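*Asks:* need a structure here:
(2 chains)
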There are 2 protein chains.
Amino acid sequence: MQDRKHTPVKELLASTEVDLEVTVKGWVRTKRGNAFVQFIALNDGSTINNIQVVADMKIFSEEDLKQFTTGAAVGVAGTLVKSTGAGQTVEIQATQVFVYGVADPEKFPLQPKKHSLEFLREIAHLRFRTSTFSAVFRIRHALTFAIHKFFNDRGFYNIHSPIITGSDAEGAGEMFRVTLLNAKNPPLKEDGTVDYSQDFFGKETNLTVSGQLEAELGALALSKVYTFGPTFRAENSNTSRHLAEFWMIEPEVAFADINDNMTLAQDMLVSVVKYILENCEDDLKFLSGRLLDEEKSKPEAERSPLELIEKLKFVTENDFVRLTYTEAIEILRESKPNKKKQFNYLINEWGADLQSEHERFLVEKHFKKPVILYNYPAAIKAFYMKQNDDGKTVAAMDILFPGIGEIVGGSQREEVYEKLHRRITEVGIEEKSLWWYLETRQFGTVPHAGFGLGFERLMMFVTGMTNIRDVIPFPRFPKNAEF
Amino acid sequence: MQDRKHTPVKELLASTEVDLEVTVKGWVRTKRGNAFVQFIALNDGSTINNIQVVADMKIFSEEDLKQFTTGAAVGVAGTLVKSTGAGQTVEIQATQVFVYGVADPEKFPLQPKKHSLEFLREIAHLRFRTSTFSAVFRIRHALTFAIHKFFNDRGFYNIHSPIITGSDAEGAGEMFRVTLLNAKNPPLKEDGTVDYSQDFFGKETNLTVSGQLEAELGALALSKVYTFGPTFRAENSNTSRHLAEFWMIEPEVAFADINDNMTLAQDMLVSVVKYILENCEDDLKFLSGRLLDEEKSKPEAERSPLELIEKLKFVTENDFVRLTYTEAIEILRESKPNKKKQFNYLINEWGADLQSEHERFLVEKHFKKPVILYNYPAAIKAFYMKQNDDGKTVAAMDILFPGIGEIVGGSQREEVYEKLHRRITEVGIEEKSLWWYLETRQFGTVPHAGFGLGFERLMMFVTGMTNIRDVIPFPRFPKNAEF
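*Replies:* Next comes the predicted model:
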């Protein structure tokens, strides 16, 4: 058995031929039956669907199947036949069985019953073996591939931006320090501060919060690039929407403005969501049912207005609305929840930072479409964004999705040396820490634009999982770096 | 001009139609000509090839083209016509020109002359704009995509293994510490040691040296997975073959043994190298010429025996030789360089760790084929490798390539709880730091195998670049974390 080539369950279930001799290897999900016949549901992770193994008890003894308990790893050889049972077209009539690894029912934590997501998070090393998490992580793969394929098809080049950075000017949030200095007694300089010149990299280094600045360097030579890598925030946010370590996609395009940028982001989102609708149907159906179940326990008002697959089609089948921040403020100021003081943060004047409640109102109630907001007040946005001619806004854009709020944030970049230099000085960034970034504006600078997509935010949207810790294999958050 | 849609140079050069009105945007590589006509070589990074812009000086004034110096960012509208010049099939007869960003010839460091790789490393923010580095990074993208495509086509799922790890048992090398504690005055415990329970994650954390252990968790549920992400080594190795931050690909397969593992690795290497041969022809030709040039200055004996493209075909067209460590030791012991004491490390007995000189002898001199060595002495290999029945070897394998030595290292994993547990104790790893890894051997364990491919090593092989710092955009090494 061990030397026999096996076929993935996914292929067997899709087989149009029957009466084939096959071998399958996987983990037992359930076993039921009687003294005459036993039915074993076997899963190998290639698909959410199990294959049914039928063991005729004239051939097998009770002893043969004793270790076929939930979680056990087994091999089965037999004949692939048409199934008479409901829910599957084929099944395996077993002729030979083998146990690779047992799973003591007294000790194996994943029994065939409902486990809470919180419990499964504690055993993240085993949760891949559940229907929910195997579906989530198959989709995570498909979404990763769809993103690479989208950019590759359009002539973008993937750039691996650095993880360890000596630049503290990215400005996107608090950073983790990376060091080899003695933790208790670091070397000190004469003035009593820590002497980072003796550290591995000869200066203070941190984990990157964004690959954008480096992606810009690539775009200003290769025209179209994107990053896809891990980024970090050392923020003490113990919420269902934040991680200390997460993955970002950051495309950057030369000779492009804010309008090109909005079009690219919309095309990308529509393309990758379509890819999932077309390639992950079984997993989506399962997750849709899971979400409906989960929401049964919630008050009606808090439930999603749309079922999972409808929500994905809401994105692929609706045009995105584009409106300026200024237009959005007008709509919000005149809105019912603002006038009735139902918003937690009332919108009174131009310049206010929009909260999640405002974003969701625009998407879910007012437009009932995905929304792209652009031209934000300069004061609430980053230093590198293109300063508009009005002297008060920048060419920034955010894409807002139902249920999730902001899923993409981007901008045209300030490509004029003098304007960028002035802004860097205004916000108090040390010029010499960004000498290389400034130099690109001195030598062959061009209008360019890009955006950041939080991969786990997109995963939450696509899978319907409501806690970000459930869409990444091993989540990192305050007080947790297990596995 | 700014609002005009432009076409990538790559598409224009491939155009079979002519007499089209086109717009192109990119950076000036060179300008030459006379009072009647000027020729501008324009590159936009979409391909290594420039498009020739012909400016009729009856239409343009000298003033119009004054800023068309090397490195300037420009736009050109005109007619795509058949070229009468050598080296290109089409060119653009300019009707309109525009300068986006100048590049002062007195200051712009990239002039049309040969720059050393060392100098270009100092200006890594600009080196994307050279022929050499644009070729290298286009190939880096293509190789990244080819790897994802290979695994996706074969039903593997991409797993994002964690970057920040609380486990110090990966055993592959020295680690960087990730911390938010005060660098000068960290909190201390009563016994005077640093109190990591007050750190962000509540314990000491490091940057990962390998995603393998987590990939195993995925494979033991989804059957076939792979990681593709950054890994780190805090080793003070200031060589042309080591980086502190580099990317690794680590596939892991359930119900697979060491033979399946060797076949998978060989298939992957052949597949991705073929992809590059088929999709990156122009870049490879350029890099092949570059390597020949570089080697002219070397003594004959140190030059590559094969030209770059021949070397890649050496991999795709030769079967890989598989032999055991024991067989390799026999060959090496009896070899001419061993008998003549030409090896720096002479091979006298079984158990010796092979050096690069021995690996290269086997590949380049003895077999003249890529070589897979397997079944190494347990004493020189990692704790998680499958212990063979002979009691002294483990089911490890290394793939050796010409010029580069080890490019892949892998093994079947020890799946038997008792054997793994014993080995962990023997090598002195704290059991409780690997509780989750050990648990997978208690619940539904199966034979499984995987390997690690150092992405930059493969990049060096494919591009012919001889310093690892030249195949990653922003290299991290001792005393260097610039950009």
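
*Asks:* Show the pLDDT at residue A:85.
*Replies:* Reading off the confidence values, residue A:85 has pLDDT 78.

*Asks:* mean confidence score for stretch A:353-370?
*Replies:* Rounded mean pLDDT across stretch A:353-370 is 93.

*Asks:* What is the distance between it and the centre of its chain?
*Replies:* Computed by Cα atoms, centre = their mean, to the nearest Å, the chain-centroid distance of stretch A:353-370 equals 21 Å.

*Asks:* Okay, helices next: where are they in the stretch 251-400 of chain A?
*Replies:* For the stretch 251-400 of chain A, the helices defined by DSSP state H, counting those that start in this stretch cover A:258-279, A:281-296, A:308-317, A:325-333, A:336-339, A:356-360.

*Asks:* If residue A:37 is in a bridge, with which residues?
*Replies:* residue A:56 (DSSP bridges).

*Asks:* correct me, but it touches residue A:56?
*Replies:* Yes: contact criterion Cβ atoms under 8 Å: residue A:37 and residue A:56 qualify, at 5.9 Å. Where you see a C-beta, it was placed from the backbone N, CA and C, and this is true even at glycine.

*Asks:* Kindly report the residues of the stretch 251-400 of chain A close to chain B.
*Replies:* Residues of the stretch 251-400 of chain A lying close to chain B (Cβ under 8 Å from any Cβ of the partner chain) are A:254, A:255, A:257.

*Asks:* before we move on, back to that, out of the helices of the stretch 251-400 of chain A, nearest to residue B:128?
*Replies:* helix A:258-279 (20.3 Å; Cβ to Cβ).

*Asks:* What are the contacting residues of that closest one?
*Replies:* Contacts made with helix A:258-279 from outside it, assessed by Cβ atoms under 8 Å, 6 or more residues apart in numbering or on different chains, are listed as A:139, A:142-143, A:146-147, A:149-151, A:251, A:253, A:256, A:284, A:309, A:312-313, A:315-316, A:320, A:322, A:370, A:372, A:374-375, A:386, A:395-397, A:399, A:407-408, A:410-412, A:449-451, A:453, A:458, A:462.

*Asks:* Now with 7 Å, please.
*Replies:* A:139, A:142-143, A:146-147, A:150, A:251, A:253, A:284, A:312, A:315-316, A:320, A:322, A:372, A:374, A:395, A:397, A:399, A:408, A:410-412, A:449-451, A:462 (Cβ atoms under 7 Å, 6 or more residues apart in numbering or on different chains).

*Asks:* again, but for stretch A:406-418
*Replies:* Contact partners of stretch A:406-418, identified using Cβ under 7 Å, 6+ apart, comprise A:216, A:257-258, A:261, A:265, A:359, A:384-387, A:394-401, A:420, A:423, A:438, A:441-442, A:445-454, A:457-458, A:461.

*Asks:* starting at the chain centroid, how far to it?
*Replies:* Distance, centroid of stretch A:406-418 to centroid of chain: 23 Å (Cα atoms, centre = their mean).

*Asks:* Could you pull up the residues touching the closest residue to residue A:88 other than its chain neighbours?
*Replies:* Take residue A:88 and drop its neighbours on the chain: the residue closest to it by Cβ to Cβ, 6 or more residues apart in numbering or on different chains is residue A:52, 5.8 Å away. Contacts here follow Cβ under 7 Å, 6+ apart; on that basis residue A:52 touches A:39, A:41, A:83, A:85, A:88, A:91.

*Asks:* ok, whichever residue of the stretch 251-400 of chain A sits closest to chain B - how many residues close by?
*Replies:* Residue of the stretch 251-400 of chain A nearest chain B, by Cβ to the nearest Cβ: residue A:255 (4.4 Å). For residue A:255, the neighbour count with other Cβ atoms under 10 Å in any protein chain shown is 24.

*Asks:* model confidence over stretch A:35-44, on average?
*Replies:* Stretch A:35-44 carries an average pLDDT of 97.

*Asks:* Okay, buried residues for it please.
*Replies:* Across stretch A:35-44, burial judged by 16 or more other Cβ atoms under 10 Å in any protein chain shown covers A:38, A:40, A:41, A:42, A:43, A:44.

*Asks:* what bridges to residue A:52?
*Replies:* Counting by DSSP bridges, residue A:52 is bridged to residue A:41, residue A:91.

*Asks:* how much space between it and residue A:91?
*Replies:* Distance, residue A:52 to residue A:91, using Cβ to Cβ, to the nearest Å: 4 Å.

*Asks:* Surely the residue of the stretch 251-400 of chain A closest to chain B is in contact with residue B:23?
*Replies:* No: counting by Cβ atoms under 7 Å, residue B:23 is not a contact partner of residue A:255; they are 9.7 Å apart.

*Asks:* so what sits against both of these two?
*Replies:* In contact with both residue A:255 and residue B:23: residue B:6, using Cβ under 7 Å, 6+ apart.

*Asks:* re earlier: so which of the helices of the stretch 251-400 of chain A is nearest residue A:28?
*Replies:* The nearest among these, by Cβ to Cβ, is helix A:281-296 at 19.1 Å.
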